[in-house]
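1. sequence first, then the predicted structure, then my questions.
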Amino acid sequence: MTDPDLAAPSDATTRDVTGQKQALVEARAKEQLWRAVLATAVDPIIVIDQTGTILEANAATSRLFGYEQPALVGSNVSMLMPEPYRSEHDGYIRRYIETGEAKIIGIGREVEAQRADGTLFPIALAVSEVVDPAGNLYAGIIHDLSDLRAATDSLRRANEQLEQRVEERTAALEQSMEELARSNRDLEHFAYIASHDLQAPLRNVRQGLELLDEHLLATVGSRFDDEAEELRGLVVAAVSRMEELIQGLLMYSRVQRGSSPSRRVVDLAELADEVVKQLRLDLDEAGAIVVTDDLPAVLADPVQLRQVLQNLIQNAVKYHAPGRQPKIVITARGIDGQWAISVADNGIGVNSSLHERIFELFRRGHPDYEGVGLGLSIAQRIVERHGGRIWVNSEPNEGATFTFTLPKESTT
Amino acid sequence: MTDVDRRQAAIRILLVDDNLLDAKATVHAAMKLRIANTIDVVADGGAALDYLRRDPTETPRPDLVLLDLDLPGMDGRDVLATMKSDPELRRIPVVILTTSADEADVLTTYDLGANAFITKPGGLDGWLEVVSKIEGFWFTLVELPPK
């Protein structure tokens, strides 16, 4: 020891008496402080000896466990625990003393506690060892976890409910999508069946008229007078229009039959040439010229792509401006990994209010022109089925440019 | 048989069609082209089989059957299957004459032994063309089984 104070030689006795008094005062003050802390603590504090007997239990202990304070002191601490710990607690202490193997002392853990009325509740328990020559003591501080546990539980329940609701919604959504797909299929099937079955009686109407003609010719010797001839003409025109409508509907409903288009590499330039050849009569009649740019090879269903080109070129010829030689320009350019293919004309154009609506089913572009209003609907359906889109840029009397996109993927 | 012999032989056709206007158009075209001496028309499958199973010594069997597919009750496919599995009737050529152009119908009927498949035309001109070609093939070009 090298402490200079201990080595100081003066006035040892006087100092010793004064020191004892002072120590007593200090001990009393510490005792008071300890009592105050114990009494005021919000959480239970319990001191036990090596037999498990409670030496101290503060007011909070009494409040939380529901025992009178006098009933606690002197009792075994195991009374605050549920079985099987209640019976095994003495053993825990003994084993700790013998082996030093701690279950709680110096570690702290969450355990179940039992109130005087038998109810259980969760607590956090911390225990420290107080070394004493007369036998070590153990001080435990208990914190009630009921509220925390309740909050955790309700949070977990809320989470479970939320998950369940998400699951339910997802299932409902999947079901709706399935129903939508089914109703789409039904609708397509319906359109196909309806248009197919509508053809037969219509053919009969036309046939019946013709047979009537023949019959009149054979029996009366002449067909009709002028009025009857005109009426007959109107009926035939209506039948023709109905036939066109049904043909269009059939074509439209056929576009989406089957899951995906049978795509292969199609030389767009070649296809455009073929379509122009096919439409030669219409083009010549209107005096139209068709100019094609460098056109790429694209990945598409050749039959359907031909239909798109044909419909667009037919429209370009049909809606040409009076007194202006129709000129149709077909171009292609790559944008964002797609081909954008345009068919531009110098015709009467499309009013901006109709730019979206002309793609609707049975929407005719212009009252003065013949047609059933299916060409662009079919084109749109085909393009969308190929994963592209179609739109028009146009001003009235400034011509129209119809553009559709096709994915570029692996056309090489 | 020479062409003259053929013309003189009584050509008999059985037309099975429930669509009266189609039947009339067929008959009209056949009359106009002066093809058959007899075209008998029945409107359903049962009547067709009854017709075919009459005593051939009293009423001769037809040289050709024009058969619609969609018939009330026993349909054209049933009539075809029955005819082609009957040794008495299987030699009679059967020409399917239907509104259908479905691949499935084409395959099924050829599998059942149909001799030809024709989709019905539209309009009298169409009928004239079809009937004239049927005549040209079945009653001029082709050697039919002797009765």
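-> Happy to help now that I have it.
2. need the contact partners of stretch B:102-113.
-> B:69, B:76-77, B:80-81, B:83-84, B:90, B:94, B:96, B:98, B:117 (Cβ atoms under 8 Å, 6 or more residues apart in numbering or on different chains). Backbone N, C-alpha and C define where each C-beta goes, glycine included.
3. apply 6 Å and report the result again.
-> B:80-81, B:84, B:96, B:117 (Cβ atoms under 6 Å, 6 or more residues apart in numbering or on different chains).
4. now render those residues as JSON lines, adding distance to A:Pro326 and neighbour count.
-> Shown next, in JSON lines, are those (distance: Cβ to Cβ, whole Å; neighbours: other Cβ atoms under 10 Å in any protein chain shown):
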{"residue": "B:Leu80", "distance to A:Pro326": "52", "neighbour count": "26"}
{"residue": "B:Ala81", "distance to A:Pro326": "56", "neighbour count": "15"}
{"residue": "B:Lys84", "distance to A:Pro326": "57", "neighbour count": "17"}
{"residue": "B:Ile96", "distance to A:Pro326": "45", "neighbour count": "25"}
{"residue": "B:Phe117", "distance to A:Pro326": "43", "neighbour count": "19"}
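5. quick check: closest non-adjacent residue to residue 42.
-> No chain in the question, so chain A it is. Leaving aside its sequence neighbours, A:Val42 sits nearest to A:Ala60 (Cβ to Cβ, 6 or more residues apart in numbering or on different chains; 6.1 Å).
6. try chain B instead
-> B:Ala48 (5.1 Å).
7. picking up where we left off before, quick one: which of the contacts of stretch B:102-113 is nearest to chain A?
-> Using Cβ to the nearest Cβ, B:Ile96 is the member of those that lies nearest chain A, at 15.6 Å.
8. return the residues of the stretch 51-200 of chain A in contact with chain B.
-> Counting by Cβ under 6 Å from any Cβ of the partner chain, the stretch 51-200 of chain A comes close to chain B at A:Ala200.
9. okay, now the unreliable bits of the stretch 51-200 of chain A?
-> Residues of the stretch 51-200 of chain A meeting the criterion pLDDT under 70: none.
10. tell me where the stretch 51-200 of chain A has helices.
-> Applying DSSP state H, counting those that start in this stretch to the stretch 51-200 of chain A gives helices spanning A:59-65, A:69-72, A:85-99, A:146-219.
11. switch the ones you listed over to JSON lines; also include mean neighbour count.
-> Output for those, formatted as JSON lines (neighbours: other Cβ atoms under 10 Å in any protein chain shown):
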{"stretch": "helix A:59-65", "mean neighbour count": "19"}
{"stretch": "helix A:69-72", "mean neighbour count": "15"}
{"stretch": "helix A:85-99", "mean neighbour count": "14"}
{"stretch": "helix A:146-219", "mean neighbour count": "13"}
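12. make TSV out of these and add distance to A:Leu271.
-> Formatted as TSV, the helices of the stretch 51-200 of chain A follow (distance: least, Cβ to Cβ, whole Å):
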stretch	distance to A:Leu271
helix A:59-65	87
helix A:69-72	97
helix A:85-99	86
helix A:146-219	26
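13. surely the residue nearest to A:Val42 touches A:Pro44?
-> Yes. Counting by Cβ atoms under 6 Å, A:Ala60 touches A:Pro44, with 4.5 Å between them.
14. what separation do you get for the residue nearest the centre of chain B and B:Val95?
-> For chain B, B:Leu66 is the residue whose C-alpha lies nearest the centre (Cα atoms, centre = their mean; 1.8 Å). Counting by Cβ to Cβ, to the nearest Å, the gap from B:Leu66 to B:Val95 is 5 Å.
15. how about B:Glu103?
-> 18 Å.
16. quick check, A:Val47 in a strand?
-> Yes. When DSSP: H, G, I helix; E, B strand; the rest coil is applied, A:Val47 is found to be in a strand.
17. in which helix or strand does the closest residue to B:Leu89 other than its chain neighbours reside?
-> For B:Leu89, ignoring the flanking residues on the chain, the nearest one in space by Cβ to Cβ, 6+ apart is B:Met83 at 4.4 Å. Assigned by DSSP states H and E, B:Met83 belongs to helix B:76-84.
18. what's the distance between that helix and the middle of its chain?
-> Centre-to-centre, helix B:76-84 and its host chain are 12 Å apart (Cα atoms, centre = their mean, to the nearest Å).
19. so after it, what's the next helix or strand?
-> strand B:94-98.
20. that following strand: partners in the sheet, and parallel or antiparallel?
-> strand B:64-67 (parallel), strand B:116-119 (parallel) (DSSP bridges).
21. mean neighbour count, the ones you listed: which tops it?
-> Burial of the strands paired with strand B:94-98 is given as mean neighbour count (mean count of other Cβ atoms under 10 Å in any protein chain shown); strand B:64-67 ranks first at a mean of 25.
22. from the chain's centroid, how far away is that one?
-> Distance, centroid of strand B:64-67 to centroid of chain: 1 Å (Cα atoms, centre = their mean).
23. give me the residues contacting that strand.
-> B:13-16, B:76, B:92-97, B:138.
24. export those residues to a markdown table and tack on pLDDT and distance to A:Val291?
-> Below are the contacts of strand B:64-67 laid out as a markdown table (pLDDT from 0 to 100; distance: Cβ to Cβ, whole Å):
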| residue | pLDDT | distance to A:Val291 |
| --- | --- | --- |
| B:Ile13 | 94 | 56 |
| B:Leu14 | 96 | 59 |
| B:Leu15 | 97 | 54 |
| B:Val16 | 97 | 56 |
| B:Gly76 | 94 | 52 |
| B:Ile92 | 96 | 60 |
| B:Pro93 | 96 | 54 |
| B:Val94 | 97 | 54 |
| B:Val95 | 97 | 49 |
| B:Ile96 | 97 | 48 |
| B:Leu97 | 96 | 47 |
| B:Trp138 | 92 | 52 |
